[in-house]
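Colleague: just coords:
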């Protein structure tokens, strides 16, 4: 387990004591069993004074205003700015992590921005954001903080978004998503071997989270799969993944295939060729998915939204810039009237591709 506990001690939920005196964390499928003073693999949840504490409550690695499309969410308030932040740590050990400087952080002193939930929500309103995103590292591990921020946001008419790997146990899953309006869930691959070898986790809990979101909540969610050359990019695996999405979740769940670039502990592989993403998109659409996107490459066609009934270009995108907008005020195709799945306002936002770091003062 991790180093001795330091930093703030905010009472954590979802744990129980074991007969041998240890405490078991019941938040995620790792079920870390800790002696007093030990941290779980996620680094931020720890055993202190015979109970579970969250050591990063109210502390962030930084705040930034992003386009909502960067999460990525293409069917949730398009074009609008979203206040984004994360903390430190992660409950998976992905060797290809592209936010490794944050998610793999093992030093609390890198959490330089401190803000309570009300301060974050008030800053989002002041800065003209329509929503707040828990991102950069997985918000599941700072559930208590994320939920409190979400409550403060809802009180002010703001939406909240979780960017997550979906690696969470059934009971906390209910509370966590009850406070989220949207999510992007990383479905990292579609084999247990990939999850075990490259992520230190398991596939099935992620599938369970996706099924729960689709059938038990009103959370709008989209899925991202980072395609890694030779690891999870075969036509066979993409076929199996997209067939499962269609059968278990339905045709309207957007699926994003994103390009890998060498990072963290996988620097010996090449970037994902654009052709691989294009082929993956074609396979998934042949399997019945209506909205399949390519990411991390310049591909206006693969990044745009089309009417599945008549083929009209509904939302044109060039990177994170919106061009065409052919969606009615009530979220339908202007040409044929077919509803477009998602959460839309009468007019798109005009934030564009700007990325603006901001400071949020403690409340």
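Modeller: In hand now; what should we look at? In this text, all values refer to a predicted model and were calculated from it rather than measured experimentally. Numbering: from 1, shown residues only.
Colleague: Every contact and neighbour count from this point should use C-alpha atoms.
Modeller: Noted.
Colleague: Report the next helix or strand after the helix-or-strand element of the chain with minimal mean pLDDT in sequence order.
Modeller: Ranking every helix and strand in the chain by mean pLDDT, DSSP states H and E puts helix 100-103 at the bottom, with a mean of 50. Per DSSP states H and E, helix 100-103 leads on to strand 113-114 as the next helix or strand towards the C-terminus.
Colleague: Quick one: list the elements packing against that following strand.
Modeller: Here strand 113-114 touches strand 59-60, going by 3 or more C-alpha pairs under 8 Å, 6 or more residues apart in numbering; DSSP states H and E.
Colleague: Toward the C-terminus, what is the element adjacent to the strand it packs on?
Modeller: strand 62-67.
Colleague: partner strands of that following strand, parallel or antiparallel?
Modeller: Sheet pairing for strand 62-67, assigned by DSSP bridges, gives strand 81-86 (antiparallel), strand 356-358 (antiparallel).
Colleague: Just the mean pLDDT for the last one, thanks.
Modeller: This means strand 356-358. When pLDDT is averaged along strand 356-358, the result is 94.
Colleague: residues in contact with it?
Modeller: 62, 63, 64, 65, 66 (C-alpha atoms under 8 Å, 6 or more residues apart in numbering).
Colleague: I figured the first one was touching residue 85, is that so?
Modeller: Yes. Counting by C-alpha atoms under 8 Å, residue 62 touches residue 85, with 5.8 Å between them.
Colleague: What number of residues are in the vicinity of residue 135?
Modeller: Residue 135: 20 surrounding residues under other C-alpha atoms under 10 Å.
Colleague: Check residue 110 and give its pLDDT.
Modeller: Reported pLDDT for residue 110: 51.
Colleague: cool, residue 19 as well?
Modeller: Residue 19 is given a pLDDT of 97.
Colleague: Spell out the secondary structure type for it.
Modeller: Here residue 19 is recorded as coil under DSSP: H, G, I helix; E, B strand; the rest coil.
Colleague: now do residue 346
Modeller: coil.
Colleague: again, but for residue 193
Modeller: Classified using three-state DSSP, residue 193 is helix.
Colleague: For it, give me its contacts.
Modeller: Shown in contact with residue 193 (C-alpha under 8 Å, 6+ apart): no residues.
Colleague: try it again with 10 Å
Modeller: Contacts for residue 193 (C-alpha atoms under 10 Å, 6 or more residues apart in numbering) come out as 199, 200, 201, 202, 203, 231.
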